[in-house]
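Engineer: sharing a model prediction with you, sequence too.
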Amino acid sequence: MAETEGAKQVVKDLAEGFSLYAKLSNRLWLSLVTVLAVVVLPETQLTEDGGAITKSLPFGLGIVEKGLFDVLAFFTMCALAVSYSSARANAMLAYDLAHKAIDQIADPDKSIVTQRQFFDIMSYPTLLRVGPISVITRLRFKNRKSILLMSSWMYAIVKNMGVIITYAIPLYAIFYSYYSIAQNLNVWSWVMWVAFGTGMLASLAMVQVLLSDIVLTLGVFRRLSSSNDDT
C-alpha cells in the first residue's frame with residue numbers, strides 16, 4: 001500500500017515536471033518560429049550608394065545590414081533549436097518515467113480515475129500532446145471496437161502530423177538561414193565553417209529527438225491497439 005501511494009506521488013511529480021518542460025519547449029519553439037519570420041518576411045534593399053544590402057525589421061525596429069543580421073539570426077536559431085531539443089527530451093523522459101511508475105501500481109486501471117488519466121489531466125497541452133483526444137473517445141465508446149480502432153489510428157495520424165510540423169519548421173529555419181549566409185559573399189570563410197558545424201549539431205539534436213518522438217508515438221499506438229483487443 002505504501003509503495004502504491006509512493007508511486008502515485010511520483011506520477012504527480014512527474015506530471016508537474018512534464019508540464020514544466022512542455023511549457024518551456026512551447027516557448028522555445030514559438031521563439032524560433034518568430035526569428036524565422038523575422039528572417040524570411042522583411043524585404044531586402046540596396047543602400048543609395050549600392051554598397052550594402054540591408055533588411056528592414058518589422059514593427060519599425062529599423063534597418064540593419066543583411067549579412068550581419070543573417071549571421072546573428074542563424075546562431076540564435078541554432079541555440080533555440082538545441083534548447084528546444086533538450087526541453088522536449090526532458091519532457092519525454094518525464095513521460096516515460098511516469099508510465100513506468102504507473103505500471104508498478106497495483107491494478108492501475110481498476111480505480112474510478114486511473115493514474116494514466118490523472119497524468120493526462122495534469123500534463124500541460126502541446127501540439128504533440130494529442131493522446132487526450134483519443135482518450136475522450138475511448139471513454140465515450142468503450143464497447144465499440146470499430147470506434148476504438150479508429151481512435152487509435154486517428155491518434156497516430158494526428159500525432160505524426162504534429163511531429164512533422166513541430167520539427168520540420170525548425171529544421172527548415174536552420175537550413176534557410178544558413179543558405180542566406182552562404183549567399184552573402186562578404187561573410188568570412190571561417191564564419192561559414194563555424195556556421196556549418198553549428199547548424200549540423202543543431203540539426204542532429206533535432207533529428208535525434210524527432211526519432212525519439214516517433215518511437216514514443218509507436219509505443220502509445222501499440223498500447224492503444226492492445227487495449228482494443230482486450231475490450
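Structural biologist: The structure has been received and is ready for your questions. Numbering: from 1, shown residues only.
Engineer: how far is the longest helix along the chain from where the chain is centred?
Structural biologist: Taking DSSP state H as the assignment, the helix of the chain that covers the most residues is helix 189-230. Counting by CA atoms, centre = their mean, to the nearest Å, helix 189-230 is centred 9 Å from the centre of its parent chain.
Engineer: what helices or strands is that helix leaning on?
Structural biologist: In terms of contacts (3 or more CB pairs under 8 Å, 6 or more residues apart in numbering; DSSP states H and E), helix 189-230 is packed against helix 66-103, helix 131-140, helix 145-182. In this view, the C-beta of every residue, glycine as well, is placed from N, C-alpha and C.
Engineer: wasn't Pro125 part of a helix?
Structural biologist: No: applying DSSP: H, G, I helix; E, B strand; the rest coil, one finds Pro125 to be coil, outside a helix.
Engineer: so what's the residue count around it?
Structural biologist: Using other CB atoms under 10 Å, Pro125 has 12 other residues around it.
Engineer: from Glu65, how far out is it?
Structural biologist: According to CB to CB, to the nearest Å, Pro125 stands 41 Å off from Glu65.
Engineer: how about Val11?
Structural biologist: In terms of CB to CB, Val11 sits 53 Å off from Glu65.
Engineer: neighbour-wise, which of the two wins?
Structural biologist: Val11 (24 against 14).
Engineer: show me what contacts Val10?
Structural biologist: Listed by CB atoms under 8 Å, 6 or more residues apart in numbering, the contact set of Val10 reads Leu97, Ala98, Ala101.
Engineer: of those, closest to Ala202?
Structural biologist: Leu97 (26.4 Å; CB to CB).
Engineer: distance of the closest one relative to Ile121?
Structural biologist: For Leu97, the distance to Ile121 - CB to CB - is 18 Å.
Engineer: who has more neighbours, those two?
Structural biologist: Leu97 (16 against 11).
Engineer: pretty sure the more buried one is touching Leu14, no?
Structural biologist: Yes: with contact defined as CB atoms under 8 Å, Leu97 reaches Leu14; the gap is 5.5 Å.
Engineer: shared neighbours, the two?
Structural biologist: Counting by CB under 8 Å, 6+ apart, nothing touches both Leu97 and Leu14.
Engineer: how near is the residue nearest the centre of the chain to Tyr21?
Structural biologist: The C-alpha lying nearest the average C-alpha coordinate of the chain belongs to Thr166 (CA atoms, centre = their mean; 5.3 Å). Using CB to CB, we find Thr166 at a distance of 14 Å from Tyr21.
Engineer: hmm, who's touching stretch 178-190?
Structural biologist: With contacts defined as CB under 8 Å, 6+ apart, stretch 178-190 is touched by 39, 53, 66-67, 70-71, 73-74, 191-192, 195-196, 199.
Engineer: and that stretch, which residues are buried?
Structural biologist: Tyr178, Ser180, Ile181, Asn184, Val187 (16 or more other CB atoms under 10 Å).
Engineer: related to what we said a few turns ago, of the contacts of stretch 178-190, closest to Pro170?
Structural biologist: Gly199 (11.4 Å).
Engineer: understood, closing this out.
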